[in-house]
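>>> build me a structure from this.
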Amino acid sequence: MYIGIDLGTSGVKLIMVSKEGEVIASQTRSYELIIPKPLWTEQDPNDWYKQTISGLKALIKGHEHQIQAISFSGQMHGLVLLDNQDHVLRNAILWNDQRTINEVEYLNQTIGIDELLSETGNIALTGLTAPKVLWVKKHEPDIFNKISKVMLPKDYLAYKLSGVFATDVSDVSGTLFFDVKHKIYSKKMLNILGISEMQCPKVYESYDKIGVLKDTMKNELGIKQDVDIIIGAGDQAAGAIGIGIVNDGTASVSLGTSGVVFVASDQFKVDQESFLQSYAHANGKYHMMGVMLNAAGSLNWWSEKIFQNYNYQDFFQKLEQTKIDDSLYFLPYLSGERSPINDPNATGVFFGLRLEHRKEHMDRAVIEGVTFALKQSFELIKNLGVDIHQVRLTGGGAKSHIWAQMIADIFNVEVKTLSIEEGPALGAAILAMVGHRAYPSVENACEHMINLKSSYLPNLNHVELYQQKYEGFLQIYPAIKKTYKSLQNIYKS
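Model prediction:
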């Protein structure tokens, strides 16, 4: 049996999988999201560990003697800091935290975008790890001076279970102090941050074995045999593995809290306009992705916070009955935005409201707005010369056939869903198998284990209508971009 552990933002998911890909058991555990100030997000790494062990004990009960390997997936970009006694120095600062606006401006303007692209293949964004290190250095110098280890979320779990200080190429690609093309740390960026390579974990390929389960952990879990620990991957790369996005030009759209357009590539490609992220993939190659902060998160906000206890089935049924409205738009920038605008000052907007509009029209505008924003990243990737014939859909939003059809219509591409949707946890389990030599390669494992379910072809009548509306969508943000920043300055003062 093989175990995949996915350390998410709202909780940890653990699955136990046979070599054939059958999910034998699964467990989930939740933990607290800490919001010290507006747009700040943190979690206690000790909570991650406690809930993971709780889930692991329940997961393997009765199968302790069958466990062969464990691997990990996790929320990317989070900053975990340990002292020389391996104590957590502060809460982890998460991927969606927006406190580092000044640090991002410093890196992009003072160091320069060209230099950042040359050193790392990416530019500074508020979500990435390097700006967080600078923030701690400036605002919490006592903590900064005690740093012994700089870690990413999933790697903290791997360290606790194995005792090995390690990371993988896909996750460390999102730190902004790693040279993605050459897969080495950037000495220049480490110097700028004031940390050394000794404080950073050793980098492995995602399917590499880094060690075995510690004896103390074996005793606690009731395991007698050696269990391989495979380092795993960041959640986006692991999620892509879990749906078979491993070959050049294959693409996925993830409709989780955040939204991600992900494309695998045999070669390292950089978006010189800096709207996309270029990272190492979990199968030894590379990938590009555009990340928006609120995809299904926009739907959750609209249906739960604005219309409490709203029924999702009713939501999508009414959506299907509502015609495409070419005058009402929604900008889904509820937490600022990463791809494709890189603007932490941006906010959500309904544009074009009229007396005749009802709630159903606004429902449709929310889903369309998210899909249009994802299409922007999709088009940017295509503009780099990537030929995409099919998109595989994943995440909670993938359960809606109406949303799947809308993506097919707006992207004008075939969309497929999966027969088993276990997301990054399955990707981690696949990496555990490859690391344990159950399969010769990630590609081979995916070929044997991934099964497609439904297919959605573009409705040509809708394609034209949506293209016209998309062109209108593209005009709104540039028209109000300056207003966002001026209003933010007023708010701060």
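
>>> can I get stretch 34-47 as CSV, trimmed to CA atoms?
As requested, C-alpha coordinates have been extracted for stretch 34-47 and formatted as CSV (Å, rounded to 0.1, in the frame of the first residue of the first chain):
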residue,chain,number,x,y,z
ILE,A,34,-5.3,32.3,11.5
ILE,A,35,-6.0,35.9,10.3
PRO,A,36,-4.1,38.3,12.5
LYS,A,37,-5.0,41.3,10.3
PRO,A,38,-7.0,41.8,7.1
LEU,A,39,-5.3,40.0,4.1
TRP,A,40,-2.8,38.2,6.5
THR,A,41,-3.1,34.4,6.7
GLU,A,42,-1.2,32.1,8.9
GLN,A,43,-1.3,28.6,10.4
ASP,A,44,0.6,26.7,13.1
PRO,A,45,2.8,24.0,11.7
ASN,A,46,2.3,22.0,14.9
ASP,A,47,-1.4,21.8,14.0
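
>>> for it, buried residues please.
Residues 41-43, 45, 47 are the ones in stretch 34-47 that count as buried (16 or more other CB atoms under 10 Å). Every residue, glycine included, has its C-beta placed from N, CA and C.

>>> over to stretch 459-476?
Along stretch 459-476, the positions that meet the burial threshold by neighbour count (16+ other CB under 10 Å) are 462-463, 465-466, 469-470, 473, 476.

>>> go on, stretch 134-146?
By neighbour count, with 16+ other CB under 10 Å as the criterion, the buried positions of stretch 134-146 are 134-137, 144, 146.

>>> next one: stretch 291-308
Applying a neighbour-count criterion of 16+ other CB under 10 Å, one finds 291-303 buried in stretch 291-308.

>>> centre of the chain to it, how far?
In terms of CA atoms, centre = their mean, to the nearest Å, the centre of stretch 291-308 is set 17 Å apart from its chain centre.

>>> what about it, average pLDDT?
What stretch 291-308 shows for mean pLDDT is 87.

>>> how long is that stretch from one end to the other?
For stretch 291-308, the separation between the terminal residues is 27 Å (CA to CA, to the nearest Å).

>>> show me the contact partners of that stretch.
For stretch 291-308, the external contacting residues (CB atoms under 8 Å, 6 or more residues apart in numbering) are 96, 127, 236, 254-260, 277, 310, 312, 315, 330, 332-340, 348, 359, 362-363, 366-367, 369-370, 373-374, 377, 395-397.

>>> returning to that earlier point: turn the buried residues of stretch 291-308 into a markdown table, columns for distance to Asn84 and secondary structure.
As requested, these are arranged in a markdown table below (distance: CB to CB, whole Å; DSSP: H, G, I helix; E, B strand; the rest coil):
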| residue | distance to Asn84 | secondary structure |
| --- | --- | --- |
| Val291 | 34 | strand |
| Met292 | 39 | strand |
| Leu293 | 35 | coil |
| Asn294 | 39 | coil |
| Ala295 | 40 | coil |
| Ala296 | 41 | helix |
| Gly297 | 38 | helix |
| Ser298 | 43 | helix |
| Leu299 | 45 | helix |
| Asn300 | 41 | helix |
| Trp301 | 42 | helix |
| Trp302 | 47 | helix |
| Ser303 | 47 | helix |
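
>>> contacts only, for the closest residue to Ala130 other than its chain neighbours.
Leaving out its chain neighbours, the residue that sits closest to Ala130 by CB to CB, 6 or more residues apart in numbering is Leu176, at 3.7 Å. Contact analysis of Leu176 by CB under 8 Å, 6+ apart lists 107, 116, 120, 122, 124, 128-131, 189.

>>> measure Leu176 to Ser54 for me?
When distances are taken as CB to CB, to the nearest Å, Leu176 and Ser54 turn out to be 33 Å apart.

>>> burial check on the nearest residue to Gly78 once chain neighbours are set aside, number of neighbours?
Spatially, and ignoring its direct neighbours in sequence, Gly78 is nearest to Pro153 (4.4 Å; CB to CB, 6+ apart). A total of 27 residues lie near Pro153 under the criterion other CB atoms under 10 Å.

>>> can I see the domain layout of the protein?
The chain is divided into the following domains under automatic domain parsing: 2-238, 244-421+459-493.

>>> for Ala429, find the nearest of those.
Nearest to Ala429 among the domains of the chain is domain 2-238 (3.2 Å), distances taken as CB to CB.

>>> next one: the closest one to chain centre, how far?
Its chain's C-alpha centre and that of domain 2-238 lie 12 Å apart, by CA atoms, centre = their mean.

>>> mean confidence for that domain?
For domain 2-238, the per-residue pLDDT values average out at 97.

>>> sorry, back to before: most tightly packed of the domains of the chain?
When you average the neighbours per residue for each of the domains of the chain (mean count of other CB atoms under 10 Å), domain 2-238 leads with a mean of 20.

>>> and stretch 471-483, average pLDDT?
If you average the pLDDT over stretch 471-483, you get 94.

>>> ok, residues contacting that stretch?
Under the criterion CB under 8 Å, 6+ apart, external residues in contact with stretch 471-483 comprise 326, 329, 331, 341, 343, 346, 349, 351, 369, 372, 376.

>>> surely the residue nearest to Gly78 meets Phe72?
No. Counting by CB atoms under 8 Å, no contact exists between Pro153 and Phe72, whose distance comes to 9.2 Å.

>>> which neighbours do the two have in common?
Leu7.

>>> can you tell me the SS state at Lys481?
Put simply, Lys481 is helix when judged by DSSP: H, G, I helix; E, B strand; the rest coil.

>>> meant to ask about Lys13, not that
Three-state call for Lys13 (three-state DSSP): strand.

>>> before we move on, the earlier item: which of the buried residues of stretch 134-146 fall in strands?
The members of those all map outside strands under DSSP state E.

>>> of these, closest to Trp403?
Checking those against Trp403 with CB to CB, the nearest one is Trp135 at 36.1 Å.

>>> pretty sure that closest one is touching Glu103, no?
Yes. Shown here, Trp135 and Glu103 form a contact pair, counting by CB under 8 Å, at 5.4 Å.

>>> what's the farthest-apart pair in the contacts of Leu176?
Within those (distances taken as CB to CB), the two that end up farthest apart are Leu116 and Thr129, at 13.5 Å.

>>> understood, closing this out.
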